[in-house]
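Asker: For reference, the sequence and a predicted model appear below.
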Amino acid sequence: MKVVRILAIVIGVYVLVGLAFDAAVGYFQPQGDATVVLRTFDPGGAHPRETVVVLRPAPDGTLWVESGHWFRGWYRRLERNPDFQLVRHGQVQPYHAVLVDDPASVEEMEEWMGKPGVGY
């Protein structure tokens, strides 16, 4: 019984540390060479929210945003208002999102990224 309790505590601490790390990354939003600032708006076009995301340009010029992490409030905001802005190197560009999650699109992206089974 003591082993089960210790194992439960270890698993609980592991989960809490993982959640704390993800929350810290989401809060501090570190930026790198492949990241951009995604500026989304409420349905009325006001109240901008900025999120750092990884941008993946496809060979055909289509821009994909990786959404393979837990906290995706930006995705839900794009569902409500697909007009957004990308901020790169201080330059702001307006865009209109097309949200795709169909199997053919996922397969296409996995093919050109060379990461089958990633499921972005």
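Answerer: Yep, it's here.

Asker: I'd like to know how many residues surround Trp74.
Answerer: 20 (other CB atoms under 10 Å). For glycine as for every other residue, the C-beta is placed from the backbone atoms N, C-alpha and C.

Asker: Next: Trp112.
Answerer: Residues near Trp112, counting by other CB under 10 Å: 14.

Asker: Let's test this: mean pLDDT of the longest strand belonging to the chain, rounded?
Answerer: In the chain, with assignment by DSSP state E, the single longest strand is strand 49-57. On average, the pLDDT along strand 49-57 is 82.

Asker: strands paired with that strand, and their directions?
Answerer: strand 35-40 (antiparallel), strand 63-65 (antiparallel) (DSSP bridges).

Asker: His96 versus Lys2, what's the distance?
Answerer: To His96, Lys2 is 59 Å away according to CB to CB, to the nearest Å.

Asker: which of those two has more neighbours?
Answerer: Taking other CB under 10 Å, Lys2 and His96 do not tie; His96 has more neighbours (9 against 6).

Asker: Check the more buried one and give its pLDDT.
Answerer: Looking at His96, the pLDDT reads 93.

Asker: Does Pro43 touch Pro82 like I think?
Answerer: No. Counting by CB atoms under 8 Å, Pro43 does not reach Pro82; the two are 10.3 Å apart.
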